[in-house]
Each structure stands twice: as C-alpha cells, then as structure tokens.
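need coordinates for the following:
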Amino acid sequence: KRGFMCTPFAVRIQRAISASHVDYIIAPLEAAGFRVDVFFATYPCATDGEAQLERLKGFYNRNRTRVVHVDRVPRPGATQATPENIAMKSL
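Modelled structure (predicted):
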C-alpha cells in the first residue's frame, strides 16, 4: 500500500476520483444554485507534500475556489476512518 502512495499512478487515480466527485456531485449542485464548499483530510506525501496537496486542491477547484478547508492527517496510528473523522470535525 505505502509503495503505491504519491506515485504518478496514484495521482492519476486521484484525479479521476476528484473529477467524478466534481462532475456528478458538486457541479450538479452548483447548477441547481447551491454553493458547494469542499472540506477534506488527507495523508501528506513524504516528498513534495505541499505541491501534491495543491495539485489535489486544483482537481476540485477547477478555476474557482471550492476547497475551503484541508487537514493533514498524521499517519502513525491512523485508520481508514481517521481522515473522514477529522474532516467532519471541521463542519
């Protein structure tokens, strides 16, 4: 699992997942007149972490500001539920 994180392949997968979120959830809500704010929590990459985070935000923003809050999740002791729990606390 960790050997896959932050690789070019992982970035392509995240881009596709983000595009799906925007195309099928966020954009239709915006077209219906809602303002959509995106909150997320993610594990940092060991190298180039800030650039990776900015790229991820860009996948969602698409020339507008949608990402309003980002938490970086510490990896030691984290589970699959940790990012979701942290993001929900921001609401």
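
C-alpha only now, for contacts and for neighbours.
OK.

name the element residue 78 belongs to?
Using DSSP states H and E, residue 78 sits in no helix or strand.

okay, it: pLDDT?
Per-residue pLDDT puts residue 78 at 72.

next secondary structure after the helix or strand hosting residue 60?
For residue 60, the host element (DSSP H and E) is helix 49-61. Next in sequence after helix 49-61, counting helices and strands by DSSP H and E, comes strand 67-72.

just the angle for that next one relative to helix 49-61, thanks.
Interaxial angle, strand 67-72 versus helix 49-61 (axes from the mean of the first three to the mean of the last three C-alpha atoms, to 10 degrees): 150 degrees.

who does strand 67-72 touch, helix- and strand-wise?
When contacts are defined as 3 or more C-alpha pairs under 8 Å, 6 or more residues apart in numbering; DSSP states H and E, strand 67-72 sits against strand 38-42, helix 49-61, helix 82-89.

so, low pLDDT: which residues of the protein?
1-3, 75, 80, 90-91 (pLDDT under 70).

hmm, 90 instead?
Where the chain drops to pLDDT under 90, the residues are 1-8, 10-11, 14, 37-57, 62-91.

just send the helices and strands packed on strand 67-72 back as CSV, with mean neighbour count and distance to residue 32 too.
Formatted as CSV, the helices and strands packed on strand 67-72 follow (neighbours: other C-alpha atoms under 10 Å; distance: least, C-alpha to C-alpha, whole Å):
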stretch, mean neighbour count, distance to residue 32
strand 38-42, 17, 17
helix 49-61, 16, 18
helix 82-89, 15, 24
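
looking at these, which is nearest to residue 71?
When these are ranked by proximity to residue 71, the top entry is strand 38-42, at 4.5 Å, counting by C-alpha to C-alpha.

that closest one pairs with which strands?
strand 67-72 (parallel) (DSSP bridges).

quick one: buried residues of the strand it pairs with?
By neighbour count with 16 or more other C-alpha atoms under 10 Å, strand 67-72 contains the buried residues 67, 70, 72.

out of those, which is nearest to residue 44?
Nearest to residue 44 among those, with distances taken as C-alpha to C-alpha, is residue 72, at 6.1 Å.
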